[in-house]
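# starting from these lines, generate the structure:
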Amino acid sequence: MPRITSKMSRRLGVNLSGREKDGFVKRPYPPGRLDSERKHKSNKSEFGEQLRDKQILRITYGLRERQFAGYINKAINMKGANTQEMIFTFLESRLDNAVFRAGLANTRALARQLVNHGHITVDGKKVSIPSFVIKPGEVISVRPGSRNTKYFLTLAEKFNPTTPSWLEGGKDMVFTVKSLPKELDKTVNYQTIVEFYSR
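Numbers count the residues shown, from 1 in each chain. This is a model prediction of the structure:
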């Protein structure tokens, strides 16, 4: 999983990590820019805007280009479906993202690590594949053998999940997938991303 750095956030003009200490918070301008140039906005081409929006979404979900492009092209080629909605659904339906959304990790990178290390189960079975696609009705929880680790014991003391509409539960760190994620993130311009991969 690509590591999200402050340099990435500053270059793309958005706090990709979501951390308060991200370099973009203190220096919301591209790296290498002089003080006198901080307020200057470069005129981006249409391609430049498409590339920027694509990079923001790809890095936010921590995906490499080949994997990310696979999701986008799959959504584009689905006949009769809302392409933008399907992009969101594919990305949000990943197990590592669900673990992040459930509040079991404060970043997607940590969520992926928890899945990779076998701490998460789906319907009682250990799943160690971050890209595993969750489905409505499935139950996501912390593996019983992992509950006594320092991380989860500390998490349990302050655990107060705020789940999206497609997840329910939270008691004892157990969640049920109510439906497929379909509520588009309004901060993302999915149309420019579709245009980028449709060239």
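# and the longest helix anywhere in the chain, how far out from the chain middle?
Among the elements of the chain assigned as helix by DSSP state H, the one spanning the most residues is helix 46-60. Between the mean C-alpha point of helix 46-60 and the mean C-alpha point of its chain there is a distance of 15 Å (CA atoms, centre = their mean, to the nearest Å).
# in it, which residues are buried?
Residues Gln50, Leu51, Arg52, Asp53, Lys54, Gln55, Ile56, Leu57, Arg58, Ile59, Thr60 are the ones in helix 46-60 that count as buried (16 or more other CB atoms under 10 Å). (C-beta placed from N, C-alpha, C; glycine too.)
# what is the burial count for the closest residue to Leu95 other than its chain neighbours?
On the basis of CB to CB, 6 or more residues apart in numbering, the spatially nearest residue to Leu95 that is not a chain neighbour turns out to be Phe132, at 4.1 Å. Other residues lying near Phe132 total 17 when counted by other CB atoms under 10 Å.
# next one: Ala75
Other residues within reach of Ala75 by the criterion other CB under 10 Å amount to 23.
# what's near enough to touch the residue nearest to Leu95?
Taking CB atoms under 8 Å, 6 or more residues apart in numbering, we find Phe132 in contact with Arg94, Leu95, Val115, Val122.
# hey, what's the first one bridged with?
With DSSP bridges as the criterion, the beta-bridge partners of Arg94 are Val133.
# which residues in this structure form helices?
Taking DSSP H, the helices of the chain run over residues 6-12, 23-26, 46-60, 65-76, 83-92, 95-101, 108-116, 150-158, 190-197.
# before we move on, the earlier item: show me what the longest helix of the chain is packed against.
Of the remaining helices and strands, those touching helix 46-60 by 3 or more CB pairs under 8 Å, 6 or more residues apart in numbering; DSSP states H and E are helix 6-12, helix 65-76, helix 190-197.
# mind putting the buried residues of helix 46-60 into JSON lines with distance to Tyr71 and pLDDT?
Supplementary listing: these in JSON lines, determined by distance: CB to CB, whole Å; pLDDT from 0 to 100:
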{"residue": "Gln50", "distance to Tyr71": "16", "pLDDT": "91"}
{"residue": "Leu51", "distance to Tyr71": "17", "pLDDT": "91"}
{"residue": "Arg52", "distance to Tyr71": "18", "pLDDT": "89"}
{"residue": "Asp53", "distance to Tyr71": "15", "pLDDT": "91"}
{"residue": "Lys54", "distance to Tyr71": "12", "pLDDT": "93"}
{"residue": "Gln55", "distance to Tyr71": "15", "pLDDT": "92"}
{"residue": "Ile56", "distance to Tyr71": "15", "pLDDT": "90"}
{"residue": "Leu57", "distance to Tyr71": "10", "pLDDT": "93"}
{"residue": "Arg58", "distance to Tyr71": "10", "pLDDT": "93"}
{"residue": "Ile59", "distance to Tyr71": "14", "pLDDT": "90"}
{"residue": "Thr60", "distance to Tyr71": "13", "pLDDT": "90"}
